[in-house]
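Trainee: The following block contains a protein sequence and its predicted model.
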Amino acid sequence: MVSFFRRKKPEKPTDAETERRISELAAAFPDPVAPSPRAEEAPSEAPAGATPDATQEAVADLPPADALPVPEEIVAAAMDAEPLAERYPDEPMAPDEPAPSAAPESAAPEAVVPVEPVEPTPDAPATDEPVRKASWRERLGGSAIARSLGGLFSRNPRLDDDLLDEIETALITADVGVTATTELVENLRKRMKAREFADAKALLAALRTDLVGLLRPVAVPLQIDRDARPFVVLTVGVNGVGKTTTIGKLAKRYKDEGRPLMLAAGDTFRAAAVAQLQAWGERNGVTVIAQGQNADAASVAFDALQAAKARGTEVLIADTAGRLHTQQGLMAELGKIKRVLQKLDAAAPHEVLMVIDGTTGQNALSQLRQFHAAVGVTGLVVTKLDGTAKGGVVFALAREFGIPIRYAGIGERPEDLRVFDAEAFVDALLPEALGA
Ligand SMILES: Nc1nc2c(ncn2[C@@H]2O[C@H](COP(=O)(O)OP(=O)(O)OP(=O)(O)O)[C@@H](O)[C@H]2O)c(=O)[nH]1
């Protein structure tokens, strides 16, 4: 759990840390997949229920970007993002790197280092045992809400104002947020006064229903529009939230679904991030487009989209460097990446996936507000909900933004990235059996 409390601001990793993180990633994907057909030949069945229009509909339901407060500095800065050379003046830059604005025409192909698919190495122990997927409850049962509400209801409390006060404290402590908590508790109080609940168990059932009701509108799975070719997913988020790890997990998911895919190593600030993706790509036979540390992220994204289009790849997932939402120049750089992608495909990126660390607490709200203003977030992944995470911020995000939560990270293994499921999530935090 030490990883939950990693650095909060960018710093260059030591060689030892780089090696550790590469081996962490390799350990996270221990089972080599069966040798896959080359990306172009792989079957590309959409999952059951997938419709090409679903994503567009979901996005259309989002609150418009201009409905949210857009800090003037971000709008201004977005027009003139600083290049990496200015951002890290002490870092040597390759002399011939294409200027960000010139990327569309002049992205030098020789600077691109695609990691071609290789046959997976048969180094994992051969076993017929399927990996057992931990249940949501196993993963989230230790979270703050689960523990405090669990303790509360298992004491068979009396149905009175003290119980409501304790529920209120538990929800606020778990980061559900004051506004959402007040609404939930006041609704319960009204119904309790109207003698709607026979006992505490009935009140617990009502709380569960209300919590599911808050989350159900945002439990909208990501649908890959197969006509997009490629469907471009741009991942964004602050430092250390789990972007690169999530890309590895997502890539495994899409590969298992038989979708031809490619990755763009756009986190050009942290050397380990490029190596992480390359290690994963080599191991699983997925092409990774990279230009190395300190390359221009927009140029990497542009090259990757060009390559993906040329190959008819179905999905392109682009990584970006972690950045604090308060760093205006870096936030503006995201807008630049988006604009450069749009020179090749006006609809790209088809999904701006923001990764949020579930242990961040209420700060996650201002992170999302700023990222949404800068780049128009269309979906969320909330990571690190396992272990001691408070988890309540998921409710606050849902209530405040209504942006779809596509996936939840409930552990470090590939199978621990789950399609977000409102019922399973609430059930894990607040089992019905508590009131039994
Ligand atoms: N327990 C747990 N750990 C996770 C989860 N997702 C990611 N992590 C861990 O979080 C740490 C940071 O993950 P990275 O993928 O390197 O984060 P990042 O956002 O790419 O980092 P930067 O490039 O520095 O911004 C790693 O140790 C991951 O294993 C999760 O759902 N649960």
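Mentor: Structure's in. What do you need?
Trainee: Could you report the neighbour count for the closest residue in space to residue 370 that isn't next to it in sequence?
Mentor: Distance criterion Cβ to Cβ, 6 or more residues apart in numbering; nearest residue to residue 370, sequence neighbours excluded, is residue 325 at 3.7 Å. C-beta: built from backbone N, CA, C; applies to glycine. Here the count is done by other Cβ atoms under 10 Å, and residue 325 has 23 residues near it.
Trainee: And residue 325, which helix or strand is it part of?
Mentor: Here residue 325 sits in a region with no helix or strand, counting by DSSP states H and E.
Trainee: ditto for residue 381
Mentor: Going by DSSP H and E, residue 381 is in strand 379-383.
Trainee: And residue 352, by the same measure?
Mentor: Per DSSP H and E: residue 352 is located in strand 351-357.
Trainee: Which strands or helices does that strand pack on?
Mentor: Applying 3 or more Cβ pairs under 8 Å, 6 or more residues apart in numbering; DSSP states H and E, one finds that strand 351-357 makes contact with strand 231-236, helix 363-375, strand 379-383.
Trainee: Go through that strand and flag the buried ones.
Mentor: The neighbour-count check on strand 351-357 (16 or more other Cβ atoms under 10 Å) flags 351, 352, 353, 354, 355, 356, 357 as buried.
Trainee: between the helix or strand following the strand holding residue 381 and strand 379-383, how many degrees?
Mentor: Later in the chain than strand 379-383, the nearest helix or strand by DSSP H and E is helix 393-401. Helix 393-401 runs at 160 degrees relative to strand 379-383, counting by axes from the mean of the first three to the mean of the last three Cα atoms, to 10 degrees.
Trainee: And the strand holding residue 381, what's buried?
Mentor: 379, 380, 381, 382, 383.
Trainee: Quickly check: it near the ligand or not.
Mentor: Yes - interface with the ligand: strand 379-383 contributes residue 383 (Cβ under 6 Å from any ligand atom).
Trainee: tell me the angle that strand makes with helix 363-375.
Mentor: Angle, strand 379-383 to helix 363-375, by the same axes, to 10 degrees: 150 degrees.
Trainee: and residue 287, backbone torsions?
Mentor: phi -70, psi 130 (degrees, to the nearest 10).
Trainee: So what's the predicted local confidence for it?
Mentor: Looking at residue 287, its pLDDT is 94.
Trainee: same thing with residue 18?
Mentor: The score at residue 18 is 47. That number is its pLDDT.
Trainee: picking up where we left off before, please produce TSV containing the buried residues of strand 379-383, extended by pLDDT.
Mentor: Output for the buried residues of strand 379-383, formatted as TSV (pLDDT from 0 to 100):
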residue	pLDDT
379	98
380	98
381	97
382	96
383	94
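Trainee: Closest one of the residues you listed to the ligand?
Mentor: The closest of the buried residues of strand 379-383 to the ligand turns out to be residue 383 (Cβ to the nearest ligand atom; 4.0 Å).
Trainee: For the closest one, name its beta-bridge partners.
Mentor: According to DSSP bridges, the residues that bridge with residue 383 are residue 357.
Trainee: what residues go with each domain of this protein?
Mentor: 136-218, 231-420 (the TED database).
Trainee: Give me whichever of those is most buried.
Mentor: domain 231-420 (a mean of 23; mean count of other Cβ atoms under 10 Å).
Trainee: what sits against whichever residue of the stretch 201-350 of the chain sits closest to the ligand?
Mentor: Using Cβ to the nearest ligand atom, the closest approach of the stretch 201-350 of the chain to the ligand is made by residue 322 at 2.2 Å. By Cβ atoms under 8 Å, 6 or more residues apart in numbering, residue 322 lies in contact with 10, 237, 238, 239, 240, 241, 243, 267, 269, 270.
Trainee: restrict those to those near the ligand?
Mentor: Restricting those to contacts with the ligand (Cβ under 6 Å from any ligand atom) yields 237, 239, 240, 241, 243, 267, 270.
Trainee: quick one: pLDDT of the last one?
Mentor: It refers to residue 270. Residue 270 is given a pLDDT of 81.
Trainee: Residue 260: which of the helices and strands packed on strand 351-357 is closest?
Mentor: Residue 260 sits nearest to strand 231-236 of all those, at 10.9 Å, using Cβ to Cβ.
Trainee: Now the helix or strand that contains residue 340 - C-alpha only, CSV.
Mentor: Assigned by DSSP H and E, residue 340 belongs to helix 328-344. The C-alpha coordinates for helix 328-344 follow below in CSV (Å, rounded to 0.1, in the frame of the first residue of the first chain):
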residue,chain,number,x,y,z
GLN,A,328,-1.6,26.0,-16.3
GLY,A,329,1.1,25.5,-19.0
LEU,A,330,0.9,21.7,-18.7
MET,A,331,-2.8,21.7,-18.7
ALA,A,332,-2.8,23.8,-21.9
GLU,A,333,-0.5,21.2,-23.4
LEU,A,334,-3.3,18.7,-23.3
GLY,A,335,-5.4,21.0,-25.4
LYS,A,336,-2.6,21.1,-27.9
ILE,A,337,-2.4,17.3,-28.1
LYS,A,338,-6.1,17.2,-28.8
ARG,A,339,-5.8,19.8,-31.5
VAL,A,340,-2.9,18.0,-33.2
LEU,A,341,-4.9,14.7,-33.2
GLN,A,342,-7.8,16.6,-34.8
LYS,A,343,-5.6,17.5,-37.7
LEU,A,344,-5.7,13.8,-38.7
